[in-house]
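Enquirer: generate coordinates for the sequence data below:
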Amino acid sequence: MPSCSIYPLPYLADPAPWFERVRHAPGAILLDSGRPTATRGRYDLLSAWPLEVVEPWPDESGGAFFERLRATTRMLGPAQAPKGIALPFVGGLLGFLAYDFGARLERLKRLSNDDLALPDARFGLYSWALVSDHHLGTCQLVFHPTLADGERQRIIRLFGAETLTAPSSFRLRGRFEPDLQADQYRQAIERIHRYITAGDCYQVNFAQRFRAPYEGDPWEAYRRLRAACPTPYAGFVSLGSDAILSLSPERFLRLSEGQVETRPIKGTRPRHADPRADAEQAQALLASAKDRAENLMIVDLLRNDLGRTCQTGSVRVPELFSLESYPNVHHLVSCVTGTLAPGKDALDLLAGSFPGGSITGAPKIRAMQIIDELEPTRRSIYCGSLLYLDVRGEMDSSIAIRSLLMKDGQATCWGGGGIVADSDWQAEYRESMDKVGVLMRTLECAAEP
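Expert: You can find the predicted model right below:
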């Protein structure tokens, strides 16, 4: 099998100076581990100028779209990493699945309004990438063996040249406003409680949406958010003059050498400036029977999801109820692993598990139906996934919580949480604010008075 070629660059913990060289190129995308402040992610990936761009057709099923993605990946041809070099990506797909793509996989009728008009998915086929390995302290350009030498040299010159970055500006033209009033939120939670009492479901993840008008460059907004809230599964996806900005702390699915991992988040407490109060919040989360029960419910759901494509008996839970802390919140996180079954690939894994159970509820299909009924608009990128999938079948993906869609002069973000039988609507309302409050406040510092 042919090997990709690599070209070393100076190591930078923050990939922003590298990405700014391709920021305005077609298909520019950055998958960012939030270094040097965030510490859990190992790699950054960035690229631009895709060979092909694939989006779902209007009535195309999820399975048919994934078949087209397989065919598109085969167009690039096989490749492997040079001997002795660990690389997460040697050429392949980079892009996103919106939450609403899940309705294509499960053939669900969609009721809510699609006012943001984001495609349900978009993937580019990329024959090169800049890969930062923060464990080894390296940055290197990775070229698929089919990339023409002239194009390879052009990219090397681009990243080797001295450049001056033109300053960009961004500001909100007003503060974020919720789509739902508090009373409407309360009514939705009461409706979910009735569904739970009737036996329709055990848990439903309900979200509310916030919007604000903006002007300027979304990349500047991402830089500010990254500084305020660094996370290990962040990303910036250029959509021309629009963009997806994600500051997600949550891994969805990772597949490497046949081994699968997912890390669901379920359980949240706000951070405090006072260290003692902050520690008390963290301990309260770890000791919370309610949050542990919710987390365990989702762990069981994900064990079932992974069981669809993993070898029988291989699904394990090596980590249960761990504490992860971020600038704005503490989270309760678990880990579920498995070994991919023979004859299955990364897209089979996605088809059996998307969207993630931690942001739907249980049972998943009924929870998705209730979400669609009660949330007045589609979720768009929120609770979808940013991901890479290379020609070897290696994949990593996020759950796009703490994410914004910057589109048509409007910044949109979402906050939500899992609703169970004993959920208090006022506490859930505050939690939805806590999760995205740091993002909204950061951008509102640039708002008009």
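
Enquirer: show me the helices in the stretch 1-150 of the chain, by range?
Expert: Counting by DSSP state H, counting those that start in this stretch, the stretch 1-150 of the chain has helices at residues 16-19, 62-76, 102-106, 149-160.

Enquirer: next, format these as JSON lines and append mean pLDDT, distance to residue 304 and mean neighbour count.
Expert: No exception for glycine: its C-beta is placed from N, CA and C like everyone else's. Output for the helices of the stretch 1-150 of the chain, formatted as JSON lines (pLDDT from 0 to 100; distance: least, C-beta to C-beta, whole Å; neighbours: other C-beta atoms under 10 Å):
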{"stretch": "helix 16-19", "mean pLDDT": "96", "distance to residue 304": "38", "mean neighbour count": "18"}
{"stretch": "helix 62-76", "mean pLDDT": "97", "distance to residue 304": "19", "mean neighbour count": "17"}
{"stretch": "helix 102-106", "mean pLDDT": "94", "distance to residue 304": "14", "mean neighbour count": "20"}
{"stretch": "helix 149-160", "mean pLDDT": "97", "distance to residue 304": "44", "mean neighbour count": "13"}
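
Enquirer: closest to residue 238 out of those helices?
Expert: For the helices of the stretch 1-150 of the chain, proximity to residue 238 was assessed by C-beta to C-beta; helix 16-19 is nearest, at 9.7 Å.

Enquirer: could I get the contacting residues of residue 144?
Expert: 4, 76, 77, 79, 90, 91, 127, 128, 391 (C-beta atoms under 8 Å, 6 or more residues apart in numbering).

Enquirer: and if you look at residue 425?
Expert: 185, 186, 189, 190.

Enquirer: kindly list the longest strand within this protein.
Expert: Longest strand in the chain by number of residues (criterion: DSSP state E): strand 203-216.

Enquirer: now that strand: buried residues?
Expert: By 16 or more other C-beta atoms under 10 Å, the buried positions in strand 203-216 come out as 203-214, 216.

Enquirer: what distance separates stretch 232-248 from the centre of its chain?
Expert: Centre-to-centre, stretch 232-248 and its host chain are 9 Å apart (C-alpha atoms, centre = their mean, to the nearest Å).

Enquirer: typo on my end, stretch 74-89
Expert: Distance, stretch centre to chain centre, for stretch 74-89: 24 Å (C-alpha atoms, centre = their mean).

Enquirer: go on, stretch 85-100?
Expert: Worked out by C-alpha atoms, centre = their mean, stretch 85-100 lies 12 Å from the chain centre.

Enquirer: now do stretch 129-141
Expert: That offset, for stretch 129-141, works out to 21 Å (C-alpha atoms, centre = their mean).

Enquirer: which residues touch it?
Expert: Stretch 129-141 is contacted from outside by 6-13, 15, 18, 33, 35, 41-47, 86-89, 91, 94, 128, 142, 155-156, 159, using C-beta under 8 Å, 6+ apart.

Enquirer: whichever of these end up buried, select them in PyMOL.
Expert: Applied in PyMOL, the following selects the buried portion of those according to 16+ other C-beta under 10 Å:
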select buried, resi 6+7+9+12+15+18+33+35+41+42+43+44+45+46+47+87+88+89+91+94+128+142+155+159
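
Enquirer: next step: the contacts of stretch 129-141 restricted to strands.
Expert: Per DSSP E, the subset of the contacts of stretch 129-141 in strands is 6, 7, 8, 9, 43, 44, 45, 46, 47, 94, 128, 142.

Enquirer: in JSON lines: these, plus pLDDT and distance to residue 244.
Expert: JSON lines is the format used below for the ones in strands among the contacts of stretch 129-141 (pLDDT from 0 to 100; distance: C-beta to C-beta, whole Å):
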{"residue": "6", "pLDDT": "97", "distance to residue 244": "28"}
{"residue": "7", "pLDDT": "98", "distance to residue 244": "28"}
{"residue": "8", "pLDDT": "97", "distance to residue 244": "30"}
{"residue": "9", "pLDDT": "97", "distance to residue 244": "26"}
{"residue": "43", "pLDDT": "97", "distance to residue 244": "19"}
{"residue": "44", "pLDDT": "98", "distance to residue 244": "16"}
{"residue": "45", "pLDDT": "98", "distance to residue 244": "15"}
{"residue": "46", "pLDDT": "98", "distance to residue 244": "14"}
{"residue": "47", "pLDDT": "98", "distance to residue 244": "15"}
{"residue": "94", "pLDDT": "98", "distance to residue 244": "12"}
{"residue": "128", "pLDDT": "98", "distance to residue 244": "21"}
{"residue": "142", "pLDDT": "98", "distance to residue 244": "23"}
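
Enquirer: and those residues, which two are furthest apart?
Expert: Farthest pair in the ones in strands among the contacts of stretch 129-141, by C-beta to C-beta: 8 and 94, 21.5 Å.

Enquirer: who's in contact with the lowest-mean-pLDDT helix or strand in the chain?
Expert: When the helices and strands of the chain are scored by mean pLDDT, DSSP states H and E, strand 265-270 comes last with a mean of 89. With contacts defined as C-beta under 8 Å, 6+ apart, strand 265-270 is touched by 249-250, 281-282, 284-285, 288, 291-292, 294-295, 297-298, 321, 324, 328-334, 358, 399, 401, 417-418, 431, 434-435.

Enquirer: got a list of contacts for the helix or strand just after that strand?
Expert: Next along the chain after strand 265-270, taking DSSP states H and E as the criterion, comes helix 275-287. By C-beta under 8 Å, 6+ apart, the list of residues contacting helix 275-287 from outside reads 267-272, 291, 321, 323, 325, 330-332.

Enquirer: with stretch 84-92 instead?
Expert: Stretch 84-92 is contacted from outside by 4, 6, 42-43, 45, 73, 76, 79-81, 125-129, 131, 133, 136, 142-144, 146-147, 256, 388-392, 394, 396, using C-beta under 8 Å, 6+ apart.

Enquirer: average model confidence for that stretch?
Expert: Stretch 84-92 shows a mean pLDDT of 96.

Enquirer: may I have it exported as CSV, CA atoms only?
Expert: Output in CSV follows, covering the C-alpha atoms of stretch 84-92 (Å, rounded to 0.1, in the frame of the first residue of the first chain):
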residue,chain,number,x,y,z
GLY,A,84,7.0,4.4,12.5
ILE,A,85,4.9,7.6,12.4
ALA,A,86,1.5,7.8,14.1
LEU,A,87,-1.0,9.8,12.1
PRO,A,88,-4.7,10.2,12.8
PHE,A,89,-5.5,11.1,9.1
VAL,A,90,-3.8,10.3,5.8
GLY,A,91,-6.4,11.8,3.5
GLY,A,92,-10.2,11.3,3.4
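
Enquirer: which residue packs closest to residue 431, ignoring adjacent ones?
Expert: Using C-beta to C-beta, 6 or more residues apart in numbering and skipping the chain neighbours, the partner closest in space to residue 431 is residue 417 (4.9 Å).
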